[in-house]
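Student: Output the structure for:
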Amino acid sequence: MFKRIVFVVIALSVFSGYSQNQKFKVVLDAGHGGKDYGAVYHGNIEKNIALKTVLRVGAILEKDPQIDVVYTRKTDVFIELQQRANIANKSKGSIFVSMHCNANKNQAASGNETYVMGITRNASNLEVAKNENEVVTLETDYKIKYDGFDPNSPESVIGISILQEEHLDQSIELAGRVQEFFTKKTDNKNRGVKQAGFLVLRQITMPRVLVEMGFVSNKEEGEFLNSEEGQEKLAEAIAGAIMDYKNEFFSPSNNDNKEEDKQEVIVKETPKKEIPVKTPEKMVDKGIVFKIQISASTKKLDTTPSNFKGLSPISVEPAGSLYKYFYASEKSYDEIKQKLEIAKQKGYSTAFIVAYKDGIKISVTDAIK
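Tutor: Prediction:
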């Protein structure tokens with residue numbers, strides 16, 4: 001009888017959560033293609049650079065047996081923006097990465113930047129979004145398909161709103177890693193993580209970023225982007241960022257089998273004892289602590305259970321213009337996984353585990369070790 005109880009506990013652990021029974025699926029989107037050349041300067045063509053670099057990124061990622069790669073295009077073909085979103089959503093990807101090259105009338109402009117979906121009135125961000133969104137004019141009936149969208153109107157770009165704020169923070173996490181790895185792999189200027197309204201991102205239901213790898217309008221940087229050496233360095237940076245993101249947010253579940261002995265001991269000692277809820281205040285700054293990040297928002301909310309579907313305790317951390325909201329605080333990884341399931345049952349389907357050591361955020365993998 002006891003063995004049956006232990007088996008049920010282990011089975012629930014192995015099969016709970018999104019990433020425990022599925023691979024980490026990366027949707028790679030090579031910007032432009034076919035009749036849409038993108039930016040063209042000094043003989044450097046954006047659509048070709050984007051495709052070649054995407055294929056290099058995919059080749060690196062496909063060496064990892066825990067990663068599946070989905071491409072919106074693998075050849076020089078024209079794919080409508082809506083179709084790119086359809087491909088991503090149908091594949092049920094874990095993340096979406098769209099890769100592009102930047103351009104500016106000021107040909108001295110240089111550097112790389114990564115965008116997340118958002119509303120902005122910043123003139124340079126609006127210009128980048130306008131340039132990338134102009135592809136819709138090559139589509140039939142684009143004003144009908146995109147609700148009267150006009151790529152030449154700043155109001156249209158500003159009007160593209162975030163459909164789901166719950167993916168924003170994870171998108172920022174991914175974008176930050178892309179910029180970090182660009183700095184490690186290239187000498188190009190780091191222009192940071194930014195927000196703007198991109199049609200290709202607006203209907204994608206997963207963490208998603210748009211990467212501007214550099215300026216084809218800058219003669220020197222354009223040569224780098226168009227070279228095999230440059231594309232390989234960029235691919236290594238983007239693939240490295242993706243794997244770093246995956247290792248923090250998806251790898252811990254792969255340790256479930258290693259945790260079985262610990263779970264069995266817990267069942268022997270307290271087979272039916274309910275785990276008491278600990279408050280974040282008692283755990284902060286003391287050793288390893290795990291929490292569940294349930295959302296990130298531009299709105300500051302009171303941490304009362306009624307604002308978070310009855311979940312308690314809730315803590316909040318400011319992060320730039322955002323507020324990150326966390327549920328629970330546990331020293332045991334097994335216990336926090338149980339809390340993750342509770343959060344998902346309450347409707348926070350994209351909730352994930354984060355870890356701290358002495359109050360400083362660290363990767364979950366390192367925390368488990």
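Student: which SSE is the closest residue to N247 other than its chain neighbours in?
Tutor: The shortest distance from N247 to any residue other than its chain neighbours is 5.7 Å, reached at T365 (CB to CB, 6 or more residues apart in numbering). All C-beta atoms are positioned from the backbone trio N, CA, C, and that covers glycine. Under the criterion of DSSP states H and E, T365 resides in helix 364-368.
Student: Just the strands from the chain, written as ranges.
Tutor: Along the chain, counting by DSSP state E, strands occupy 24-30, 40-41, 44-45, 67-71, 95-102, 112-117, 190-196, 208-215, 288-297, 314-319, 322-330, 352-357, 360-362.
Student: Any chance you could list what contacts the longest one?
Tutor: Applying CB atoms under 8 Å, 6 or more residues apart in numbering, the set of residues contacting strand 288-297 from outside is 165-166, 168-169, 172, 280, 283, 308, 311, 315, 319, 322-333, 335-336, 339-340, 343, 348, 351-357, 364, 367.
Student: quick one, that strand and strand 322-330 angle?
Tutor: Angle between the axes of strand 288-297 and strand 322-330 is 150 degrees (criterion: axes from the mean of the first three to the mean of the last three CA atoms, to 10 degrees).
Student: Give the pairing partners of strand 288-297; include direction for each.
Tutor: In the sheet containing strand 288-297, its partner strands are strand 322-330 (antiparallel), strand 352-357 (antiparallel), by DSSP bridges.
Student: now those in a markdown table, with mean pLDDT?
Tutor: Output for the strands paired with strand 288-297, formatted as a markdown table (pLDDT from 0 to 100):
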| stretch | mean pLDDT |
| --- | --- |
| strand 322-330 | 87 |
| strand 352-357 | 86 |
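Student: Quick one: low-confidence residue ranges for this protein.
Tutor: Scanning the chain for pLDDT under 70 picks out 1-21, 118-166, 197, 200, 251-286, 297-298, 320-322, 350.
Student: What residue spans form the domains of it?
Tutor: Structurally, the chain divides into domains by automatic domain parsing as follows: 18-249, 274-368.
Student: Q203 versus the nearest residue to K74 once chain neighbours are set aside, what's the distance?
Tutor: Distance criterion CB to CB, 6+ apart; nearest residue to K74, sequence neighbours excluded, is L55 at 6.8 Å. Taking CB to CB, to the nearest Å as the measure, L55 falls 25 Å from Q203.
Student: What of Y333?
Tutor: Using CB to CB, one obtains 35 Å as the distance from Y333 to Q203.
Student: try M243
Tutor: Using CB to CB, which is the criterion applied here, M243 is 26 Å from Q203.
Student: what does D358 give?
Tutor: D358 sits at a distance of 41 Å from Q203 (criterion: CB to CB).
Student: quick one, which of these two is more surrounded?
Tutor: The residue with more neighbours, out of D358 and Q203, is Q203; 17 against 11, by other CB atoms under 10 Å.
Student: Pretty sure the more buried one sits against A85.
Tutor: Yes. Using CB atoms under 8 Å, Q203 makes contact with A85 at a distance of 4.5 Å.
Student: can you give me the helices for the stretch 51-200 of the chain?
Tutor: Remark: helices assigned in the stretch 51-200 of the chain by DSSP state H, counting those that start in this stretch are 81-91, 123-133, 142-145, 154-159, 168-185, 199-202.
Student: still on that earlier bit, let's have the strands of the chain in JSON lines, adding mean neighbour count and distance to E180.
Tutor: What follows is the strands of the chain, written out as JSON lines (neighbours: other CB atoms under 10 Å; distance: least, CB to CB, whole Å):
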{"stretch": "strand 24-30", "mean neighbour count": "26", "distance to E180": "18"}
{"stretch": "strand 40-41", "mean neighbour count": "16", "distance to E180": "27"}
{"stretch": "strand 44-45", "mean neighbour count": "22", "distance to E180": "26"}
{"stretch": "strand 67-71", "mean neighbour count": "19", "distance to E180": "20"}
{"stretch": "strand 95-102", "mean neighbour count": "27", "distance to E180": "15"}
{"stretch": "strand 112-117", "mean neighbour count": "26", "distance to E180": "10"}
{"stretch": "strand 190-196", "mean neighbour count": "19", "distance to E180": "8"}
{"stretch": "strand 208-215", "mean neighbour count": "28", "distance to E180": "13"}
{"stretch": "strand 288-297", "mean neighbour count": "22", "distance to E180": "19"}
{"stretch": "strand 314-319", "mean neighbour count": "14", "distance to E180": "16"}
{"stretch": "strand 322-330", "mean neighbour count": "22", "distance to E180": "18"}
{"stretch": "strand 352-357", "mean neighbour count": "21", "distance to E180": "18"}
{"stretch": "strand 360-362", "mean neighbour count": "12", "distance to E180": "14"}
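Student: right, and the ones you listed - which one's nearest F182?
Tutor: Relative to F182, the nearest member of the strands of the chain by CB to CB is strand 112-117, separated by 5.0 Å.
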